[in-house]
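>>> Starting from these lines, generate the structure:
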Amino acid sequence: MIVADSDVLIDFLRGREPGMTSVRSEISTGRLATTAVNCFELLSGAQTRAQLSKVSDLLAALIVLPVDEEAGMLAAEVRRKLEEKGEGIGMADYLIAGVCLCHQATLLTRNLEHFSRVPALKVIDPAG
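Numbers count the residues shown, from 1 in each chain. Now for the predicted structure:
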């Protein structure tokens, strides 16, 4: 399963590369997912009715994975390990990583600086 991070979903919404083509391609499979955290980020960032409508339409085409108990436990483990090394990535990114690990999913993101720190997380850069 491929999980799209907010940055590539925003690229898609704005018609910008590198995320636009990657997201379009994955949507066509009917199996592209995102997380409840990304859903929150996108919806809360919409500033007009038109933007909210566009975001809602996109989210309707995706599988939205929840932050459940298992994902929360995995996110907490990631946080403890990274912060022990002084390599924290922020609350939202811990939760996104936890959801991806819970579902053994690959994260499609441009934020390689953060997510490459999570050893067991599979990450794809939309730029190739």
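>>> Mind giving me the packing neighbours of the helix or strand of the chain with the lowest mean pLDDT?
Between all helices and strands in the chain, the lowest mean by mean pLDDT, DSSP states H and E belongs to helix 19-27, at a mean of 93. When contacts are defined as 3 or more C-beta pairs under 8 Å, 6 or more residues apart in numbering; DSSP states H and E, helix 19-27 packs onto strand 2-4, helix 6-14, strand 106-108. All C-beta atoms are positioned from the backbone trio N, CA, C, and that covers glycine.
>>> report the angle between the axes of the second one and helix 19-27?
Inter-element angle recorded for helix 6-14 and helix 19-27: 100 degrees (by axes from the mean of the first three to the mean of the last three C-alpha atoms, to 10 degrees).
>>> just checking, what packs against helix 6-14?
Judged by 3+ C-beta pairs under 8 Å, 6+ apart, the packing partners of helix 6-14 are helix 19-27, helix 36-45, helix 49-60.
>>> In it, which residues are buried?
Ser6, Asp7, Val8, Leu9, Ile10, Asp11, Phe12, Leu13 (16 or more other C-beta atoms under 10 Å).
>>> Does the last one touch Leu59 like I think?
If I follow you right, that is Leu13. No - the pair Leu13 and Leu59 does not pass the contact test of C-beta atoms under 8 Å, sitting 10.6 Å apart.
>>> which neighbours do these two share?
Leu42 (C-beta atoms under 8 Å, 6 or more residues apart in numbering).
>>> Longest helix in the protein, please.
Using DSSP state H, we find that the single longest helix of the chain is helix 69-84.
>>> tell me the mean pLDDT for it?
Helix 69-84 shows a mean pLDDT of 98.
>>> swap in stretch 90-109?
98.
>>> Report the distance from it to the chain centre.
Centre-to-centre, stretch 90-109 and its host chain are 7 Å apart (C-alpha atoms, centre = their mean, to the nearest Å).
>>> cool, stretch 59-66 as well?
Distance, stretch centre to chain centre, for stretch 59-66: 11 Å (C-alpha atoms, centre = their mean).
>>> Pull the residues that contact it.
1, 3-4, 27, 31-36, 39, 42-43, 71, 99, 102-103, 105.
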